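Participant: everything below, folded, please.
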Amino acid sequence: MVTQKWITLLFFALFILEVKSYGVDVSSLISVDSFNCLKSKGFGDRVVVRISREGGEIDSNAVATLKNAATAGYPQIDGYIFPCYKCDPVVQVNNAINNLRSHGANFSMIWWDIEWGGQGTCDENVSWLEKAIAQGQALGLKMGVYANWNSWVALMCTWTGASHLPIWYPHYEVPENPSFSDFRPFGGWTKPFGKQFKGTTALCDAEVDENYFPCSFNCTTVW
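Facilitator: Here you go, the predicted model:
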């Protein structure tokens, strides 16, 4: 016999599976006040902070911004690395992660930002990312990829070697569409993890990109 307790638990589980959650990604110094404001506007489930720039250098705002997000109470705080394809990936990854760890800036995941900028040939780009992922594994990182069907094919061609990682993709539509209804399989991915549905936006005295992360609460163990 199905008891009321189990009916309640099933209803709650279905609610969690369907809950929509929203977050931001940022590439500048964001204050605690701005993060609290963003949370009040519904963007309080996940934040992704740039930790390494396209020239290979550490983002000097990363540590403070990650700590501010933690102080504001964000449940998921990630970093992203913009590849310097002309740099040694092991050095770039080590520098970025050591900077965070040595300053006590905690994070959940690291995302590889695969978009145009300083790239080489597909073979060179693939080689860079393979080495970066391998180094991330050596450092014990949980990782993901930020790309869409246009940037991935342009930079990585037909390579599918990163499809074991979650994919977070940018795609802007009018009206805004915080859902996965527009997703197109690419690079071996058939199911997305998150979507950047609106580009650079001035909000709460900060510049942010707006994101839909339905997996923020319940999907991180899937990958």
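Participant: and the nearest residue to residue 77 once chain neighbours are set aside, how far from residue 146?
Facilitator: Closest residue in space to residue 77, ignoring its immediate chain neighbours: residue 69 at 4.9 Å, by Cβ to Cβ, 6 or more residues apart in numbering. Where C-beta positions appear, they are placed from N, C-alpha and C, glycine not excepted. Taking Cβ to Cβ, to the nearest Å as the measure, residue 69 falls 18 Å from residue 146.
Participant: more neighbours: these two, which one.
Facilitator: residue 69 (30 against 24; other Cβ atoms under 10 Å).
Participant: how about the more buried one, phi and psi?
Facilitator: The phi and psi values for residue 69, taken as degrees, to the nearest 10, are phi -60, psi -40.
Participant: and the nearest residue in space to residue 81 that is not next to it in sequence, bridged to which residues?
Facilitator: With Cβ to Cβ, 6+ apart as the criterion, residue 81 has its nearest non-adjacent residue at 4.4 Å, and that residue is residue 52. The bridge-partner assignment for residue 52, based on DSSP bridges, gives residue 58, residue 81.
Participant: in this structure residue 52 contacts residue 91, no?
Facilitator: No - between residue 52 and residue 91 there is no contact, the gap being 10.5 Å when judged by Cβ atoms under 8 Å.
Participant: quick check: mean pLDDT across the longest helix anywhere in the chain?
Facilitator: With secondary structure taken from DSSP state H, the chain has its longest helix at helix 122-138. The predicted model gives helix 122-138 an average pLDDT of 97.
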